[in-house]
Structure formats: C-alpha cells, structure tokens
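With the input below, show me the fold.
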Amino acid sequence: MLTTPLLDAMAVAWPEAAIHLWTGSLTAPLFREDPRVTSILERGSDLGIPAAVASLRHARFDLVLDPQSVFLTALAARLSGGYAVGFRRRIRGRWYHRAAALEDHGGSGYAADHKLDLLRLLGVDCALVRPRLAGARSPAPVKSPRILVAPGSPVPDKRWRIPELESACRAIVEATGGSIELAAGPGEEQALEKLARCLPHRRPTQAPRDLDSWRTLLGEVDLLLGNDGGIRHLAQALGVPTVGWFGLRNPAPWSFPHSRRDAVLVTQPREDRGILEYPATPAGAAMAARKVLAGGGDQDGSRP
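This is a model prediction of the structure:
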C-alpha cells in the first residue's frame, strides 16, 4: 500500500512508460484492475530466485525501482539487467547502480514519502499523494455508520488489550450511533471470539481469508477501528476513515501527514507531527471516531 504513491508519481513523470509490478501472489489481486500498472509479475512462494531473476531478465526492463530493498529484491534488481535503484541498506546498497540513503530524506517521516526518494534520486520532482488503490472512494458523513473492528495483529505489542478495546467499541457506538462488526484473518480467531463475547449487540462477525476479501469487506463499511498494521493501510488506500491504536509506538512513519480522515490512539499524544492524535482510551477513541467520520479532505498532496 505504501508503494502506491510511487506508482502515481511515475505515471505523472513518465505518462508513456510501461509500469510493471513484481509482487507476491497475496497482494497481486489488489492491483489487477489498476490502470497505473501495465502488467503484474507474480512472485509465487514456490518460485526460486534463479527462476524469478530469469523472468525479470527476459522482460528487458530499462529501469528497476526497489522500494523494499531486502535481500531478495535487491539481488533480483541487480541481476535483472535494468538500471537498478534502491535504498542503501547494509551491503545491499552496493548492488544497485544508484542507492538512496534514508538519513538523507528531506520530506516527511511517512514511509511512503521515503519511497519517493528513489525517483528524486533520478531527478524527478514528485510530491507525496495519499496511498490509493483503484476504486478508492471519498468518505462522506453518515448518520448510522458501520464500524469494522479488526482486533488481530501478529505482533504482541501492537494489539490493544481486549477489555480496553471493548470499552472503546461501546464508547464509539454511543458517540456515533453506529453499529459494530468484527473481522479477523487466519490465526486471529481467538482474539475475535474473545471480543465477540463482550459485544452481544454486534453484527455478524467476518473472517476474510485473503486481502481481496478484506478489500470487499472494507468497501462496505464507514470506519475501521484496528491496530497498527496492514489492514489499516489497506483501508486508507481504499478511502475508508480509520482509527488506529498505536499505544507507545510512534505513528509518524505509518500515518499520512495532515490527514483529516485518519486518527491514531497513542499513550502520549503530541501536536507537532501533523497527525490527528488522541489518548489511547475509550473516550479518546470515541472522539477520534467522531472526528474522522465528520468527513473533510486532506491537506496538500492528497487526493481521493
């Protein structure tokens, strides 16, 4: 999701270019109807490095941008035969023809803005836009919002404790007049069931099995309440207002700056990061939900 501003910037800078996306089979369905992408090269889990590199070399790319810059992507970018540009991370930075240093970034602290440095390194003047997927909608105020709660996370300190989350759900319903529905992915059923027992007046729970199912579900709701994680990024790219719990974690790298449709819940709110921050309490969650549900566009650099 955080790579999609890079797609927008390339489409503006090089409108005649053919842009190909090399990604995993789990995320590929999200881009199949994306007009910015010429084709998708799926990197299946059973595809070895030699076969993957061979497929890239066969395509004869002129330029290869690697916003991930992990071992596999860096090696593939270097061996692809195209002009490789990535980030200077450990020894991998030497594998690119040109490498951007994260510490030289002059924009916002948002991770998606950092990825645009790959184009800036090539002399492309590009501004940050909000991450978006094809079909993203513009949020609008609603009287009885459907609120999707996603309590799962594979990282323990990214999970809001169920008792506090339950209280937050009740406070949000009282403040907004909305209804709660729950969803969790594979391996998160226990957290879902525990929360479901505490909220007897909820709508039926959902168990999306893949990102495409999450996409469909998010397209039917008016607000996502969840933890810091991929589903929150997916909701934001679809134009769904979000309230994300961060606790002690710094939300700046994972939050679009100056957004009026996304809020974060933190243990120690600050007011100098260009982010809507509220206390990580039930009352704070209710205030955040009312704020983002009220609608309103983002500031400079964003578009629906």
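
all helices of this structure, in order?
4-13, 49-59, 71-79, 111-115, 117-120, 162-176, 189-198, 211-218, 230-237, 282-293 (DSSP state H).

for these, which one ends up most surrounded?
Mean neighbours per residue, mean count of other C-beta atoms under 10 Å, is largest over the helices of the chain for helix 230-237, with a mean of 23. Every residue, glycine included, has its C-beta placed from N, CA and C.

Give me the helices and strands touching it, please.
If you count contacts as 3 or more C-beta pairs under 8 Å, 6 or more residues apart in numbering; DSSP states H and E, helix 230-237 packs onto helix 211-218, strand 223-227, strand 242-247.

Of all the ones you listed, which one comes closest to residue 24?
Comparing the helices and strands packed on helix 230-237 against residue 24 with C-beta to C-beta, the closest turns out to be helix 211-218 (10.2 Å).

what angle do that closest one and helix 230-237 make?
60 degrees (axes from the mean of the first three to the mean of the last three C-alpha atoms, to 10 degrees).

quick one: contacts of helix 211-218?
Helix 211-218 is contacted from outside by 26-27, 29-30, 133, 148, 183, 185, 206, 208, 224, 231, 234-235, 238, 240, using C-beta atoms under 8 Å, 6 or more residues apart in numbering.

Closest to residue 12 out of these?
residue 133 (17.4 Å).

Wait, that closest one touches residue 237, no?
Yes - taking C-beta atoms under 8 Å as the definition, residue 133 is a contact partner of residue 237 at 4.6 Å.

list residues touching both of the two?
1, 4.

dump the residue contacts of the closest residue in space to residue 262 that isn't next to it in sequence.
Distance criterion C-beta to C-beta, 6 or more residues apart in numbering; nearest residue to residue 262, sequence neighbours excluded, is residue 242 at 4.8 Å. Contact partners of residue 242, counting by C-beta under 8 Å, 6+ apart, are 223-226, 232, 235-236, 261-263, 292.

Please repeat the previous calculation with a cut-off of 6 Å.
With contact taken as C-beta atoms under 6 Å, 6 or more residues apart in numbering, residue 242 is in contact with 224, 232, 235-236, 262.

Repeat that for residue 5.
112, 128-129, 131.

any weak-confidence spans in the stretch 101-250 of the chain?
Within the stretch 101-250 of the chain, the set of residues satisfying pLDDT under 70 comprises 200-201, 204.

and the gap between the most far-flung residue of the chain relative to its centre and residue 82?
Centroid-distance maximum for the chain: residue 58 at 31.0 Å, with C-alpha atoms, centre = their mean. Per C-beta to C-beta, to the nearest Å, residue 58 is found 12 Å from residue 82.

Same question for residue 249.
36 Å.

Same check on residue 281?
50 Å.

picking that back up, name whatever forms a beta bridge with the residue nearest to residue 262.
Beta-bridge partners of residue 242, counted by DSSP bridges, are residue 224, residue 262.

any idea how far it lies from residue 283?
Counting by C-beta to C-beta - residue 242 and residue 283 are separated by 18 Å.

picking up where we left off before, between residue 281 and residue 82, tell me which one has more neighbours.
The residue with more neighbours, out of residue 281 and residue 82, is residue 82; 18 against 15, by other C-beta atoms under 10 Å.

ok, that one - contacts?
Counting by C-beta under 6 Å, 6+ apart, residue 82 touches 61-64.

for residue 278, same thing?
Per C-beta under 6 Å, 6+ apart, neighbours of residue 278: 263, 265, 284, 287-288.

now stretch 268-275, how far from the centre of its chain.
In terms of C-alpha atoms, centre = their mean, to the nearest Å, the centre of stretch 268-275 is found 20 Å from the chain centre.

In that stretch, which residues are buried?
By 16 or more other C-beta atoms under 10 Å, the buried positions in stretch 268-275 come out as 269, 273-275.

Show me which of the residues you listed has the smallest pLDDT value.
Confidence by pLDDT is poorest for residue 273 among those, given 73.

Enumerate every residue touching that one.
Contacts of residue 273 (C-beta under 6 Å, 6+ apart): residue 252.

same thing but at 8 Å, please
109, 251-252, 257.

Look up how far residue 218 lies from the residue nearest the centre of the chain.
Centre of the chain computed as the mean C-alpha position; nearest residue by C-alpha atoms, centre = their mean is residue 233, 2.2 Å away. Note on residue 233: its distance to residue 218, by C-beta to C-beta, is 11 Å.

Now do stretch 86-105: distance to the chain's middle.
Relative to where its chain is centred, stretch 86-105 has its mean C-alpha point 23 Å off (C-alpha atoms, centre = their mean).

and that stretch, which residues are buried?
For stretch 86-105, by 16+ other C-beta under 10 Å, it's 86-88, 92-93, 95-96, 99-100.
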